[in-house]
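Participant: Sequence first, predicted model second:
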Amino acid sequence: MKLLGILSIPFIISACVTNQNVQKEETPECMNYHAMMTAPMPVEAMENLKKACYESRK
């Protein structure tokens, strides 16, 4: 039983390390777009927010 615990430690550590690199930084434009996605607003205004988010990621 101890052997199984000792052998599983590298797998647990490697799983924790790989998940930390997945996070991405949000730009202010994208945070604004995501916050306003459910707000009632004209389609043109929503498209402008979406375009600003897309342009900020380049």
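Facilitator: Yep, it's here.
Participant: use CA for all of it now, contacts and neighbours both
Facilitator: Will do.
Participant: in this protein, which ranges drop under the pLDDT threshold?
Facilitator: 15-23 (pLDDT under 70).
Participant: so where do the helices sit in it?
Facilitator: Remark: helices assigned in the chain by DSSP state H are 2-20, 28-36, 43-56.
Participant: JSON lines for these, including mean neighbour count?
Facilitator: Rendered in JSON lines, the data for these read as follows (neighbours: other Cα atoms under 10 Å):
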{"stretch": "helix 2-20", "mean neighbour count": "9"}
{"stretch": "helix 28-36", "mean neighbour count": "15"}
{"stretch": "helix 43-56", "mean neighbour count": "14"}
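Participant: gap between residue 12 and residue 51?
Facilitator: Separation of residue 12 from residue 51 (Cα to Cα, to the nearest Å): 41 Å.
Participant: Check residue 42 too.
Facilitator: Going from residue 42 to residue 51 by Cα to Cα gives 14 Å.
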